[in-house]
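In: this is a predicted model, with the sequence first.
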Amino acid sequence: MQQSVSVPPNICFAIVAGILIGVGAPPVTANQTGVAPPEGSALLLEAPADGVQIYTCEAKGSLFQWIFKAPEANLFDKQGRQIGTHFAGPTWKMADGSAIVGEVVAKADAPERGAIEWLLLRAKAHEGQGILGEAAFIRRTDTKGGIAPTAGCDANHVAEQVRMRYSAVYQFFSAPKG
């Protein structure tokens with residue numbers, strides 16, 4: 001014998017809405033407060049980047065692990081034209097001749113699985129008078145890919161390098177005003 005159960009319409013709606021919006025699913029965007037520039041900083045430039053994170057297999061005692069060496073990426077404007085590069089230092093160099101070297105001041109886990117961390121960096125050296133001449137902070141967000149491999153580093157592969165594809169958005173900010 002079958003029994004029927006009556007479910008109030010508002011409960012049905014809540015269940016369907018929960019399924020549609022993915023209740024319990026991880027958030028799509030990360031909390032950027034951990035990598036926010038200081039209050040009063042102004043956005044000078046936002047540039048999507050596409051490139052690789054380079055890792056080298058190194059021995060640490062009897063263990064072997066992939067160690068981060070450098071990024072290698074191109075920076076683009078909103079029309080998709082290359083406007084700069086990002087490389088070891090970490091350094092960002094623009095087509096106008098301006099460049100900055102940064103140092104990490106904050107990190108946040110990326111919301112996307114398999115993506116490198118989101119970062120806030122402080123500019124510690126400047127070159128040139130272009131767009132990066134006034135940059136005091138750099139933020140890396142919206143990362144995809146780039147993490148070190150989980151296998152393949154052993155005694156037979158010491159000193160070998162791997163290049164892991166990644167993309168990110170780099171934002172360059174001025175020092176706080178006031």
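Out: Arrived safely.
In: got any ranges where this structure has weak pLDDT?
Out: For the chain, the stretches flagged by pLDDT under 70 are 1-33, 178.
In: same thing but 50
Out: Counting by pLDDT under 50, the ranges of the chain that qualify are 1-30.
In: tell me where it has strands.
Out: Taking DSSP state E as the criterion, the chain carries its strands at 43-60, 63-76, 82-87, 91-94, 99-108, 118-127, 135-145, 161-174.
In: now render those strands as JSON lines, adding distance to A155.
Out: Backbone N, C-alpha and C define where each C-beta goes, glycine included. Shown next, in JSON lines, are the strands of the chain (distance: least, Cβ to Cβ, whole Å):
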{"stretch": "strand 43-60", "distance to A155": "7"}
{"stretch": "strand 63-76", "distance to A155": "7"}
{"stretch": "strand 82-87", "distance to A155": "30"}
{"stretch": "strand 91-94", "distance to A155": "33"}
{"stretch": "strand 99-108", "distance to A155": "31"}
{"stretch": "strand 118-127", "distance to A155": "32"}
{"stretch": "strand 135-145", "distance to A155": "27"}
{"stretch": "strand 161-174", "distance to A155": "16"}
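In: for G51, list the residues it contacts.
Out: By Cβ atoms under 8 Å, 6 or more residues apart in numbering, the residues touching G51 are 71-74, 86, 165-167.
In: now, the most widely separated pair of these?
Out: Spanning the widest gap among those are H86 and R165, at 13.9 Å by Cβ to Cβ.
In: okay, the two: which has more neighbours?
Out: H86 (24 against 12; other Cβ atoms under 10 Å).
In: from V169, how far off is the residue lying closest to the more buried one once chain neighbours are set aside?
Out: What sits nearest to H86 in space, not counting adjacent residues and going by Cβ to Cβ, 6 or more residues apart in numbering, is A73, at 4.4 Å. Using Cβ to Cβ, to the nearest Å, A73 is found at 11 Å from V169.
In: pretty sure the residue nearest to H86 contacts V52?
Out: Yes. Taking Cβ atoms under 8 Å as the definition, A73 is a contact partner of V52 at 7.1 Å.
In: ok, for I116, nearest residue in space, not its chain neighbours?
Out: In space, I116 is closest to G146, 3.9 Å off (Cβ to Cβ, 6+ apart).
In: what about the one you found, distance to D154?
Out: Distance of G146 to D154, given as Cβ to Cβ: 22 Å.
In: neighbour count: these two, which is higher?
Out: Neighbour count, other Cβ under 10 Å: between G146 and D154, G146 has more, with 23 against 12.
In: surely the more buried one touches V162?
Out: No. G146 is not in contact with V162 according to Cβ under 8 Å; the separation is 11.1 Å.
In: residues contacting M164?
Out: M164 neighbours (Cβ under 8 Å, 6+ apart): 52-55, 145-149.
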